[in-house]
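> give the three-dimensional model of this entry:
(chains A and B)
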There are 2 protein chains.
Amino acid sequence: MELALQEARAAARRGEVPVGAVVVAPDGRVVAKAGNRTRELNDPTAHAEILALRTACTALGSERLPGHDLYVTLEPCPMCAAAISFARIRRLYYGASDPKSGGVAHGARVFSHAQCHHAPEIYDGIGAEDAARLLREFFAARRPDE
Amino acid sequence: MELALQEARAAARRGEVPVGAVVVAPDGRVVAKAGNRTRELNDPTAHAEILALRTACTALGSERLPGHDLYVTLEPCPMCAAAISFARIRRLYYGASDPKSGGVAHGARVFSHAQCHHAPEIYDGIGAEDAARLLREFFAARRPDE
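Numbers count the residues shown, from 1 in each chain, chains lettered A, B, ... in the order given. Model prediction:
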């Protein structure tokens, strides 16, 4: 999770919402890491999780990552949660809860429906305080009137 | 929708699940079209909708597509539904219903939660029979034992 937080901090420095994600292989090797790049890439799908999953899939030459784990600093949105399911991620570790836009423990609860054909094991609250502080500081600096 | 069906047929010829999507600008111009390419690209996020949205955003140099409409031959999954929301698509036209994996009218119902900050107008059942037949024929040919 420390690597994911580093990616989130790097995203903040680029002016992106600070979220970071890391994909870890069954043998513990880091196979992909990414921070949010939606603004830089003009791509609404360029969330940290999506970029990390795509990089890992390219590296492995497979659209599935069985046995792989994903670490992400924020509760995934519905888009990322569904992508995590499609990639057959084994364990999802995430940091801060996201009541406003999350799709795992809130709202769409993507893994909690019969239409979801693979759900990872989920471990939440990992490094949550650091991840939440990064987001608070980012938005406080961006929106001084709030 | 006929263009989206052509993309779906082309996907089937490539051995991909036959789904196609088209993004149309406010002036009626087609700005992006794509078929599913998850196998070819080893990318679980390479659904037709995601590819079409990314292409349109790149063409426009923006991560949002206000006033644009998306035509897709199948009910979007939760990943694509959330991406459609992020891209601020105005109207979503889709063909066949997808009770097994859909995320608009089934399961996660991504647009139906407070955590979804933009929902398009939705028009379903457009060209549904053609889209559904394509999918049936594809899976019948792939899984002759079913």
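> low-confidence regions, chain A specifically.
Within chain A, the stretches with pLDDT under 70 are A:144-146.
> now the helices for it?
A:2-13, A:38-41, A:48-60, A:78-86, A:128-142 (DSSP state H).
> so which of those helices gets nearest B:R37?
Nearest of these to B:R37, taken as Cβ to Cβ: helix A:48-60 at 12.4 Å. Any C-beta I mention is one placed from the backbone N, CA and C, and that applies to glycine too.
> still on that earlier bit, of the helices of chain A, flag the one that's most buried.
Mean neighbour count (mean count of other Cβ atoms under 10 Å in any protein chain shown) peaks for helix A:78-86 among the helices of chain A, with a mean of 29.
> excluding sequence neighbours, find me the nearest residue to A:P99.
A:H106 (5.4 Å; Cβ to Cβ, 6 or more residues apart in numbering or on different chains).
> was I right about the one you found contacting A:E75?
Yes. In this structure A:H106 lies within contact range of A:E75 using Cβ atoms under 8 Å: 7.2 Å.
> mind putting the helices of chain A in TSV, distance to chain B included?
Compiled in TSV, the helices of chain A are given as follows (distance: least, Cβ to the nearest Cβ, whole Å):
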stretch	distance to chain B
helix A:2-13	14
helix A:38-41	5
helix A:48-60	5
helix A:78-86	4
helix A:128-142	15
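> distance to A:L92 for these - can I get that in CSV?
What follows is the helices of chain A, written out as CSV (distance: least, Cβ to Cβ, whole Å):
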stretch, distance to A:L92
helix A:2-13, 12
helix A:38-41, 21
helix A:48-60, 9
helix A:78-86, 6
helix A:128-142, 14
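> between the ones you listed, which gets nearest to B:A59?
Per Cβ to Cβ, nearest to B:A59 of the helices of chain A: helix A:38-41, 13.2 Å.
> and for that closest one, what's in contact with it?
With contact meaning Cβ atoms under 8 Å, 6 or more residues apart in numbering or on different chains, helix A:38-41 is reached by A:R14, A:G15, A:E16, A:V17, A:P44, A:T45, A:A46, A:H47, B:E63, B:F86.
> the third one: neighbour count?
As a burial measure, A:E16 scores 21 neighbours (other Cβ atoms under 10 Å in any protein chain shown).
> hang on, isn't it packed against A:D43?
No. Using Cβ under 8 Å, A:E16 is not in contact with A:D43, being 11.4 Å away.
> I appreciate the help and will end here.
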